[in-house]
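Participant: Using only what follows, build the 3D model:
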Amino acid sequence: MNRNGKHPLSQALFLLAALVCHCQTVAAQDLPSEQSVRAAMVFNFLKFSDFPPEASTSTTGIRLCYAVRDARQSEALHALAGRKVGGRKLLVTDFTAQSGDCQVLYVDTRRRWNTATEQNAVRHALTISDYPGFVRDGGMIEIDVQKDGIQFDINLVEARRAGFNFAPQMLRLARQIHE
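Facilitator: Sure thing, here's the model as predicted:
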């Protein structure tokens, strides 16, 4: 057990699964970029999330919208396009160019988060970010990439409000769950 009460092997297996699932989209490199690791985490969060019934009945796929400044992060998220999550194709688009509802929203800054909430774009979306304090600001999943590893926090209140449920394996790996 580590200092957060999580078994290091469990965390390593979750990260390994993220990287293995994402390895087809990563260029031949010794180590994946931080942006690729975050995109892999997003993909795995989707695999371990139950979407609300109204989002699950969509036949067009799962629309992942992103609002990021980093072109490498945008590229890493775009590499997920076409992959399947629960039998549904992942559609990836820039939030500013999105046409239709987003079932998933990834933002990189508090300013972009505030813009999305002002536009009421997050009401029924699984929201993910890597900026510190995201779950305190009402987001659902906050990714924290550090030199010694990757951790994430979950705002269960917001996730349940929007109709999302997370697999127990994912909840066990979270550093903190805000209830």
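Participant: Strands of this protein, start to end?
Facilitator: Residue ranges of the strands in the chain, as given by DSSP state E, are 49-50, 62-67, 84-85, 88-94, 104-107, 126-129, 141-146, 149-155, 165-166, 176-178.
Participant: partners of the fifth one in the sheet?
Facilitator: The strands that strand 104-107 pairs with in its sheet are strand 62-67 (parallel), strand 126-129 (parallel) (by DSSP bridges).
Participant: for the fourth one, same thing?
Facilitator: When pairing is defined by DSSP bridges, strand 88-94 lines up against strand 62-67 (parallel), strand 84-85 (antiparallel).
Participant: show me what contacts residue 177?
Facilitator: 153, 154, 156, 171 (Cβ atoms under 8 Å, 6 or more residues apart in numbering). Bear in mind the C-beta positions are built from the backbone N, C-alpha and C, glycine included.
Participant: Kindly tell me how buried the third one is, as a neighbour count.
Facilitator: Burial measure for residue 156: 17 neighbouring residues, criterion other Cβ atoms under 10 Å.
Participant: ditto for the second one
Facilitator: Using other Cβ under 10 Å as the criterion, residue 154 is surrounded by 24 other residues.
Participant: Check whether it really touches residue 173, as I assumed.
Facilitator: No. In this structure, residue 154 is not within contact of residue 173 by Cβ atoms under 8 Å, at 9.6 Å.
Participant: And the helices in this protein, which stretches?
Facilitator: 8-22, 34-47, 53-56, 71-78, 110-118, 156-161, 168-173 (DSSP state H).
Participant: and among these, the most buried is which?
Facilitator: Highest mean neighbour count among these (mean count of other Cβ atoms under 10 Å): helix 34-47, with a mean of 22.
Participant: related to what we said a few turns ago, I'd like to know which of the strands paired with strand 104-107 is closest to residue 81.
Facilitator: strand 62-67 (8.2 Å; Cβ to Cβ).
Participant: Next, the angle helix 110-118 makes with that closest one.
Facilitator: Strand 62-67 and helix 110-118 are oriented at 130 degrees to each other (axes from the mean of the first three to the mean of the last three Cα atoms, to 10 degrees).
Participant: what's in contact with strand 62-67?
Facilitator: 42, 46, 51, 55, 73-74, 77, 80, 85, 88-96, 98, 100-108, 112, 115-116, 121, 125.
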